[in-house]
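Chemist: just need the structure, nothing else, for what follows:
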Amino acid sequence: MIKLVFLGTSDAVPSKERNHTSILLNYKDENILVDCGEGTQRQFRKADLNPCKLTRLLITHWHGDHVLGIPGLLQTLNFSDYRKPLLIYGPKGTKEFMNQVMKTFIFQGKFNIEVKEVEGKFFENDDFYLESKKMTHGVPCNAYSFVLKNKIRIDKKKLEKTKIQGPILQKLKQGKDIIYEGKKYLAKNLTYQEEGKKISFVLDTSFNKDIIPFVKNSDLLICESTFGEEFEKKAVEYRHLTAKQTAEIAKKSNSKKLILTHISQRYSKNPEQILKTAKKIFKNSFLAKDLDIVEIK
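Modeler: Numbers count the residues shown, from 1 in each chain. You can find the predicted model right below:
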């Protein structure tokens, strides 16, 4: 199961209801933080989450509302006896920006920080991979996808009839035919494929030709929706998306579910206005609130 916690859902200026942008993705032992806006470490506490379980930080870009929480988070990790390496990924310039961050306060860290500037697929293991794509926001900026791979699963009911057991089951999990007690068994008759999942994060960008192919077939698309359609010109000026554009991206990319985030404070009194616009185009749209939890099985 994949679990997402929306730690912050505001745009550049936080509101009483919304903290600066930050989203935590949990899968097995992985805890991947996407952006770290000011106040993120306190949002961890509000959500009853242990920041010491953090494994990776994905930075979309270096505007303050997406990164000003990094110094405080690092200090908290150090005081909490964090000992594993913290892996930080970001667009071009991330290494230099992190160097500058470390110079702004006295950090007596007891753990290693590894910083990588990434584009394309940048991490992969047996379970999932991470990939990034350049966006258009006036500064180097990445969108990210977490892709859980397809898995071959053994059909337990069919297996019971064969009485096959032992280490040889590993071959079945690899999709290989086996011979057990002199009889051949075809993997396709005893297994099935569990479809993987794709979670895409598009935070801060103007509309561009690369978004739809990058997020194509997402099970969950998390996308910025800073402006309503009435501020289309402002969205172009500040290189952001409108709720209408976000919904069109979800529809054209064949995504299954859309969550709108990075909501302007101008909609504090009526956030449903943003959602209503999106739903007209893409029905399976939802509006993120701080500390919302979404689970994908």
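Chemist: and the protein, what are its domains?
Modeler: Annotated domains of the chain cover 2-150+195-296, 153-191 [automatic domain parsing].
Chemist: deepest-packed of these, please.
Modeler: domain 2-150+195-296 (a mean of 19; mean count of other CB atoms under 10 Å). For glycine as for every other residue, the C-beta is placed from the backbone atoms N, C-alpha and C.
Chemist: got the end-to-end distance for that one?
Modeler: For domain 2-150+195-296, the first-to-last residue distance is 5 Å (CA to CA, to the nearest Å).
Chemist: off-centre distance for stretch 110-124?
Modeler: With CA atoms, centre = their mean, to the nearest Å as the basis, stretch 110-124 stands 15 Å off its chain's centre.
Chemist: give me the mean pLDDT for that stretch.
Modeler: Mean per-residue pLDDT for stretch 110-124: 96.
Chemist: rank the domains of the chain by mean pLDDT and give me the bottom one.
Modeler: Per-stretch mean pLDDT for these is lowest at domain 153-191 (a mean of 84).
Chemist: chain center to that one: distance?
Modeler: 35 Å.
Chemist: also stretch 102-115?
Modeler: The answer for stretch 102-115 is 24 Å, by CA atoms, centre = their mean.
Chemist: so what touches that stretch?
Modeler: 71, 74-75, 77-78, 81-90, 94-95, 98 (CB atoms under 8 Å, 6 or more residues apart in numbering).
Chemist: can we see that at 10 Å?
Modeler: By CB atoms under 10 Å, 6 or more residues apart in numbering, the residues outside stretch 102-115 that reach it are 56-57, 59, 70-72, 74-75, 77-79, 81-90, 94-99, 101.
Chemist: also stretch 168-176?
Modeler: Under CB under 10 Å, 6+ apart, the answer for stretch 168-176 is 151-155, 159, 164, 177-180, 185-188, 190-191, 193.
Chemist: dump that stretch to CSV, restricted to CA.
Modeler: Extracted in CSV, the C-alpha atoms of stretch 168-176 (Å, rounded to 0.1, in the frame of the first residue of the first chain):
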residue,chain,number,x,y,z
ILE,A,168,11.2,-23.5,-5.8
LEU,A,169,8.3,-21.1,-5.3
GLN,A,170,10.8,-18.3,-5.9
LYS,A,171,11.1,-19.4,-9.5
LEU,A,172,7.4,-19.1,-9.9
LYS,A,173,7.5,-15.5,-8.5
GLN,A,174,10.0,-14.8,-11.2
GLY,A,175,7.6,-16.1,-13.9
LYS,A,176,9.6,-19.2,-14.6
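Chemist: I am finished for the moment; much appreciated.
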